[in-house]
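Here is a sequence with its predicted model. Questions after.
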Amino acid sequence: MKILPYEPDNTSLAYSVGTTLDRFIKLKQSEFPFASGELSQLLRDIALAAKIVNRETNRAGLANIGGAFGQTNVQGEEQQKLDVIANIRFMRALSKGGEVCAIVSEEEDSVIDLQNNSGKYVVAIDPLDGSSNIDVNISIGTIFSIYRRKTPQGSPITEEDVMQPGRDQVAAGYVLYGSSTMLVYTTGHGVNGFTYETSLGEFFLSHPSIKAPDNGKIYSINEGLQNQWNEGIKDYIDECKRRDYAARYIGSLVADFHRNLLKGGIYLYPATHKNPEGKLRLLYEANALAFIADQAGALATNGKESILDLQPTALHQRTPLFIGSSKMVREFEQIAKDKKVLV
């Protein structure tokens with residue numbers, strides 16, 4: 001019997017489909033000496049829920065699950081049907097996985113205690129960001145943060161486990177449901193993006209080791225609120241226009257951030273007269289994107305200090321957010337520093 005060693009076939013008859021998310025996670029487990037597989041499984045649980053939400057968003061028009069749900073969430077925002085569906089899907093996936101002890105969700109008034117005191121992780125999540133855009137086929141997303149609990153396993157969860165600054169995240173990511181569905185995440189060792197291949201039902205590594213451009217020519221801000229900005233914001237946007245920067249604003253945080261992450265640019269959601277503390281939520285929106293930005297070489301600030309250094313004081317705390325290419329964020333800070341950006 002003749003035995004031959006395996007040699008990969010590099011002919012064009014069968015192209016390589018690449019590295020799956022599951023295989024990539026397994027390869028990276030050694031980066032976490034404190035973990036014994038739970039974090040890897042948690043990331044798989046999130047990916048599974050994302051696949052289900054992707055299916056729901058793609059059939060929204062046919063299944064009559066678009067439009068308003070008829071209730072408001074704790075933010076005072078009208079819930080969309082898909083907000084509720086996505087929240088249910090992620091809650092189920094995270095609770096059944098067994099790795100999570102508590103969940104903070106945009107759609108829930110309080111911390112959800114899963115009564116799993118052996119769980120090592122706390123997850124903060126915006127199940128479906130920008131869902132009001134679903135009826136007009138505009139990209140939407142999911143944003144998540146993962147923290148290790150501070151209290152010992154086996155004990156009940158406390159406020160200390162939940163109210164952690166962004167620098168304490170062990171992982172964060174987002175899912176973009178657009179022309180293709182992408183999952184982008186970091187565990188503190190760089191940023192990697194995976195594209196969903198629907199026919200195989202798998203996420204494949206498509207954007208390895210993402211690095212944000214140091215500079216860009218795109219600014220993203222809701223200019224309809226210009227009359228509510230302070231002078232520092234107005235001065236910076238005027239400077240962007242003088243430089244002939246392109247204005248690009250989708251109205252879905254994940255979509256705007258993703259574009260600027262890949263192409264270079266800055267996203268700005270400042271404080272306004274109506275929302276003097278800002279509008280975006282610190283725990284499950286700003287922190288996650290700031291961690292990704294940091295790992296990709298970009299910056300995120302509230303106008304005075306790094307988003308990652310902010311100590312949360314309330315579950316649904318809001319913050320201004322200025323995030324993007326490092327040079328653009330620094331220039332913004334320089335122009336606005338004397339104009340009391342947070343006022």
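Right, received. Where do you want to start? Numbering: from 1, shown residues only.

Which parts of the chain are helices?
With helices called from DSSP state H, the chain shows them at 21-27, 38-58, 60-63, 81-97, 159-162, 231-242, 253-263, 287-295, 326-336.

average pLDDT across the third one?
Here helix 60-63 scores 54 as its mean pLDDT.

Relative to residue 272, which of the helices of the chain is closest?
helix 231-242 (9.1 Å; Cβ to Cβ). Glycine gets a C-beta too; all of them are placed from N, C-alpha and C.

that older thread, just say which of the helices of the chain is most tucked in.
Of those, the one with the most neighbours on average (mean count of other Cβ atoms under 10 Å) is helix 287-295, at a mean of 27.

what angle sits between it and helix 253-263?
Here helix 287-295 runs at an angle of 0 degrees relative to helix 253-263 (axes from the mean of the first three to the mean of the last three Cα atoms, to 10 degrees).

now helix 287-295, how far from the centre of its chain.
Its chain's C-alpha centre and that of helix 287-295 lie 8 Å apart, by Cα atoms, centre = their mean, to the nearest Å.

May I see the helices of the chain organised as CSV, with distance to residue 318 added?
CSV is the format used below for the helices of the chain (distance: least, Cβ to Cβ, whole Å):
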stretch, distance to residue 318
helix 21-27, 32
helix 38-58, 24
helix 60-63, 28
helix 81-97, 18
helix 159-162, 17
helix 231-242, 16
helix 253-263, 13
helix 287-295, 12
helix 326-336, 19
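
among the ones you listed, where is the model least confident on average?
helix 60-63 (a mean of 54).

OK, contacts around residue 171?
Going by Cβ atoms under 8 Å, 6 or more residues apart in numbering, residue 171 touches 39, 42, 43, 145, 146, 185, 186, 187, 188.

My understanding was that the first one contacts residue 170; is that so?
Yep, that's residue 39 we're talking about. Yes - counting by Cβ atoms under 8 Å, residue 39 touches residue 170, with 6.7 Å between them.

thinking again about what came up before, closest one of the contacts of residue 171 to residue 202?
The closest of the contacts of residue 171, once distances to residue 202 are taken by Cβ to Cβ, is residue 43, at 14.1 Å.

where does the chain have its least confident helix or strand?
Sorted by mean pLDDT, DSSP states H and E, the helices and strands of the chain end with strand 68-72, the least confident at a mean of 51.

Among the contacts of residue 171, pick out the one closest to residue 91, please.
Among these, and counting by Cβ to Cβ, the member closest to residue 91 is residue 42, at 13.8 Å.

Next one: the closest residue to the closest one other than its chain neighbours relative to residue 220, how far apart?
Closest residue in space to residue 42, ignoring its immediate chain neighbours: residue 99 at 4.4 Å, by Cβ to Cβ, 6 or more residues apart in numbering. Using Cβ to Cβ, to the nearest Å, residue 99 is found at 34 Å from residue 220.

again with residue 276
Counting by Cβ to Cβ, the gap from residue 276 to residue 220 is 21 Å.
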